[in-house]
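S.K.: Make a model of this:
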Amino acid sequence: YPNQGVGTIENISTRSFGAAFERFYLLRFGYNSVTVLVPFSNAANIGLRRVTKNREVSRVLSYLANGSCSITSDWKVRFRDNTEKMQGGDLLKAAEVFKGLLQIHLEKPLSFREKKMLERARHMLVSEISIARNVPDVHAVNMLQRALLKAGLTLPTSA
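M.R.: Sure, this is the predicted structure:
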């Protein structure tokens, strides 16, 4: 689920609205135990998708290790661009946001909002890598750390 990370479909239900019926996914996110109802008719529009395949995880880790990212110095423009990337739900875009914010963090402290975005991107990457590779979160964190070290970056200690 975009901007929230990996969720589990706990139930599929049908609700009536007058004469019309709509089917819903009930999603639960382990990160914060939030549940969300998503109408079938809106699932594609909001970016609901299956867990990333292992091949895509390899691309993400390779990007974190070797890829370059352009960083806009104007924080307002950068925040808007990063928000759009995160809302799309694409794991590679989340990795772009993550790596860009880590590079900025090397030079200067991040704003509160950018720290939150960095944490959200980190969570999305860790949870998706963990599920896609069928490993505990701690192993996913180690994979991220190894990739980032190749780029001269380190994973923040805060979770």
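
S.K.: Where in this protein is the helix or strand with the lowest mean pLDDT?
M.R.: Sorting the helices and strands of the chain by mean pLDDT, DSSP states H and E puts helix 40-46 at the bottom, at a mean of 84.

S.K.: Phi first, then psi, for the residue of the chain most remote from its centre.
M.R.: Distance from the C-alpha centroid of the chain, by C-alpha atoms, centre = their mean, peaks at residue 19 (37.5 Å). In terms of degrees, to the nearest 10, the main-chain angles of residue 19 are phi -90, psi -10.

S.K.: same deal with residue 69?
M.R.: phi -140, psi 140.

S.K.: domain parsing for this structure?
M.R.: Domain assignment of the chain by the TED database yields the ranges 7-42, 54-151.

S.K.: now those domains in a markdown table, with distance to residue 48?
M.R.: In this view, the C-beta of every residue, glycine as well, is placed from N, C-alpha and C. Below are the domains of the chain laid out as a markdown table (distance: least, C-beta to C-beta, whole Å):
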| stretch | distance to residue 48 |
| --- | --- |
| domain 7-42 | 6 |
| domain 54-151 | 8 |
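
S.K.: related to what we said a few turns ago, which strands and helices sit next to the least confident helix or strand of the chain?
M.R.: strand 20-29 (3 or more C-beta pairs under 8 Å, 6 or more residues apart in numbering; DSSP states H and E).

S.K.: Quick one: the strands in this structure, in order.
M.R.: Taking DSSP state E, the strands of the chain run over residues 8-17, 20-29, 34-39.

S.K.: And the helices in the protein?
M.R.: Secondary structure of the chain (DSSP state H): helices at 40-46, 54-66, 75-88, 91-107, 112-133, 137-150.

S.K.: between those, which one is nearest to residue 34?
M.R.: When those are compared by C-beta to C-beta, helix 112-133 sits nearest residue 34, at 12.7 Å.
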